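Asks: sequence and predicted structure are below.
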Amino acid sequence: MIKLLPKTKDFWAGITFMVVAGLAIYFSSELAIGTTRRMGPRYFPLIGAGCLMVLGAIVAIKGLEAGSEPVKRGAFRPSFILLSVLLFALLLQPFGFVIALCALICVSALAGDRIKPVELVSLCIVMVLFSTVVFIWGLGLPLKIWPV
Amino acid sequence: MDLLANLLFGFGVALTAENLLYCLIGTVLGTLIGVLPGLGPTATISILLPITFGLPPAASLIMLSGIYYGAQYGGSTTSILVNLPGEASSVVTCLDGYQMARQGRAGPALSIAAFGSLFAGCVGTLCLAVLGPPLARAALSFGPAEYFSLMVLGLVAAVILANGSLIKALGMIFLGLILGTIGTDINTGVARFSFGFHELGDGIDFIVVAMGVFGLAEIMRNLEEPERRDILTQPIGRLMPSREEIHKAVPAVLRGTAIGSVLGALPGAGAVISSFAAYALEKKLSKHPERFGHGAVEGVAAPESANNACAQTAFIPLLTLGIPGGAVTALMLGALMIQGIAPGPQVMTRNPDVFWGLIASMWIGNVFLVILNLPMIGIWIRLLSVPYRFLFPAILVFCCIGVFSLNNAAFDIILMVIFAAFGYGLLKFGCEPAPMLLGFILGPMIEENLRRALLLSRGDPSVFVTRPLSLVMLLTAALLIVLIVFPLFAKRRREIFVDAAD
């Protein structure tokens, strides 16, 4: 099924636009549109979604043309960036700042070039010390440093 | 002389020890991120925005703008020495700058770039000082209809000046407009698209969006490309350009400054296109266009002057009309709002210290930059050897802590991850994120003015064409759209980019 779909940048950009427009139309269905004189909360998003839907369709059709630029296959590793930040968000409250920060740095390092263990440990130490001094003591961010 | 008195007042603000320090910090940081590839002014300013909560308004703007124009300086250094543009706006500088360096003329190339930028920066700032007050006076008479039309014009211009596909840029603007409607509708108090999360009640903070699509997504894009650094091993040599080089560079600097100043004041991806346009113009005017790409001095002088002039005049629409022209000025707008200053023509009268202090600081900052960049060039070159594998985890840490500090909520970090994934996908599909951020920030303002204008006119949409100023702006926007559709112009627009590339 997936194989049948074109792999061009334009096609997928257009589909993305249409999906967002569709979601905006669907999830605003309970809001009032109102009149041009007194616009309801749905009026403006609906206009925007309508325009985006049309533009998305045009872009997607352009993506069907022969010679449209294909999507460059991405490497898998950069997605570790997303994972590491997500981990930081989830670990921060229950386990405190130091553990969350080390998790962030170590997991994100998987996304980049090979890094020596010594380098990784020193990077963690430097960043933890720097952030603790600047952000928690200096700027007074209300963060737990250690798990309680 | 009103102007003179105001400028003196501005220098009084900018020359206090505190503001001088923030100006210095801003320009140093700007040079730093300009030199480091893969970290641009948009990401840096969004990371630092939360820290400016505690600063006085003038100091915060002085520092943030220093980062912006400092990055234009720093970007040229890496273009010339490493053939790696530190900033998008320095891409064309690589063509001739790196060739000059390979011929042993790195010193003259660096100093021409620095002094060209200094001159351009001073002229650009002068434009802001001279044109700002009359524009702001004119803007005071604007009603909601005028503001609506002006913002439409701004968005249309932003689409045209952006590089890449026009129709996708237009789509990204609408995408931004829709994202901007998330949160409580101010007129009715109804929550829109909040999906039951009370955290979304106030809408999404634009810093979260900016860090997701510019910070994280850019890191992911950088990591896909293998690192490539051909650091120049030759010594830089003497800094002074020869008499002949100066003779060739001066007219190029003047033309580059003119192009940059004009394009900067227009909304859109100013600094990037202005450097391309300046390069293309020099090549066209030159009697020996074949010299370009082989170390022509004009090919360094013109684009570097243009991008720096642009970085200063980009503040004209922001400070006089309250309308940002690009992603960076959009962040500045956010910085003003964080400080409780309503952006618009009244900034000049209500917060003269911000307006005139910023202008004076730009002159001071441009001088700082020449001092930072020429005698201290060795330090910046050494920084280039910091591998990206150390750099990006550090950037991630700053992004995470910065976003957390907005509301002291981990929710915002998760939101940032979502925007990063979304922005990364869109980058893969060839959509640049800058128009989306512009639409996101202008969206609520456009909606509010549209609703207010139509409420005042009792639902009669002709209000936008019966008010003369509004009509002129909409006609200009329509004319621009016609020009895009008109194939001849579309070809010219492509030519500017292609010309510079070959």
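Replies: Right, received. Where do you want to start? These figures come from a predicted structure and were not determined experimentally. Numbers count the residues shown, from 1 in each chain, chains lettered A, B, ... in the order given.
Asks: angles on the backbone of the residue of chain A found nearest chain B, please.
Replies: Residue nearest to chain B within chain A: A:R37 (2.9 Å; Cβ to the nearest Cβ). For the C-beta atoms, the positions are set from N, CA and C on the backbone; glycine is no exception. Main-chain torsions, A:R37, degrees, to the nearest 10: phi -70, psi -50.
Asks: centroid residue for chain A?
Replies: By Cα atoms, centre = their mean, the mean C-alpha position of chain A lies nearest to A:L82, the distance being 7.5 Å.
Asks: would you mind listing what in the stretch 301-450 of chain B touches chain A?
Replies: Proximity of the stretch 301-450 of chain B to chain A, by Cβ under 8 Å from any Cβ of the partner chain, involves residues B:387-390, B:392-394, B:396-397, B:399-401, B:404-405, B:408, B:410-411, B:413-414, B:416-417, B:420-421, B:424-426, B:428-431, B:443, B:447, B:450.
Asks: from the residues you listed, which land in helices?
Replies: Secondary structure from DSSP state H places B:388-390, B:392-394, B:396-397, B:399-401, B:404-405, B:410-411, B:413-414, B:416-417, B:420-421, B:424-426, B:428, B:443, B:447, B:450 of these in helices.
Asks: what's the nearest residue to B:S165 if we skip its chain neighbours?
Replies: B:G430 (6.6 Å; Cβ to Cβ, 6 or more residues apart in numbering or on different chains).
Asks: residues near the one you found, how many?
Replies: 20 (other Cβ atoms under 10 Å in any protein chain shown).
Asks: quick revisit: buried members of the residues of the stretch 301-450 of chain B next to chain A into PyMOL, please.
Replies: Buried members of those, defined by 16 or more other Cβ atoms under 10 Å in any protein chain shown, are picked up in PyMOL with:
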select buried, chain B and resi 388+389+390+392+393+394+396+397+399+400+401+404+405+410+411+413+414+416+417+420+421+424+425+426+428+429+430+431+443+447+450
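Asks: element containing whichever residue of chain B sits closest to chain A?
Replies: Nearest residue of chain B to chain A, counting by Cβ to the nearest Cβ: B:G459, 2.9 Å away. Using DSSP states H and E, B:G459 sits within no helix or strand.
Asks: got the phi/psi numbers for it?
Replies: Per-residue torsions, B:G459: phi 80, psi 10 (degrees, to the nearest 10).
Asks: isn't it right next to A:T35, touching?
Replies: Yes - proximity of B:G459 to A:T35 meets the contact threshold set by Cβ atoms under 8 Å, at 6.3 Å.
Asks: about what we covered before: tell me which element the residue nearest to the centre of chain A is part of?
Replies: Short version, using DSSP H and E: A:L82 is in helix A:79-95.
Asks: which residues does the helix or strand just after that helix contact?
Replies: Note on helix A:79-95: by DSSP H and E, the next helix or strand toward the C-terminus is helix A:97-109. Here helix A:97-109 makes contact (Cβ atoms under 8 Å, 6 or more residues apart in numbering or on different chains) with A:80-81, A:83-85, A:87-88, A:91-92, A:115, A:120, A:123-124, A:127-128, A:131-132, A:136, A:143-147, B:389, B:392-393, B:396-397, B:400.
Asks: from those residues, list just the buried residues.
Replies: Looks like the contacts of helix A:97-109 have A:80-81, A:83-85, A:87-88, A:91-92, A:115, A:120, A:123-124, A:127-128, A:131-132, A:136, A:143-144, B:389, B:392-393, B:396-397, B:400 buried, using 16+ other Cβ under 10 Å.
Asks: distance-wise, check the closest residue to B:R137 other than its chain neighbours relative to B:F355.
Replies: If the residues on either side of it in the chain are set aside, B:R137 comes closest to B:P345, at 7.3 Å by Cβ to Cβ, 6+ apart. As judged by Cβ to Cβ, to the nearest Å, B:P345 and B:F355 stand 10 Å apart.
Asks: could you find the closest non-adjacent residue to the residue located most distally from the centre of chain A?
Replies: Centroid-distance maximum for chain A: A:R37 at 37.1 Å, with Cα atoms, centre = their mean. Using Cβ to Cβ, 6+ apart and skipping residues adjacent in sequence, the residue nearest A:R37 is B:G459, 2.9 Å away.
Asks: where does chain A dip in pLDDT?
Replies: Within chain A, the ranges that satisfy pLDDT under 70 run A:1-4, A:74, A:148.
Asks: need the strands for it, in chain order.
Replies: Counting by DSSP state E, no segments of chain A form strands.
Asks: please parse it into its domains.
Replies: If you go by automatic domain parsing, the domain ranges for chain A are A:2-62, A:79-138.
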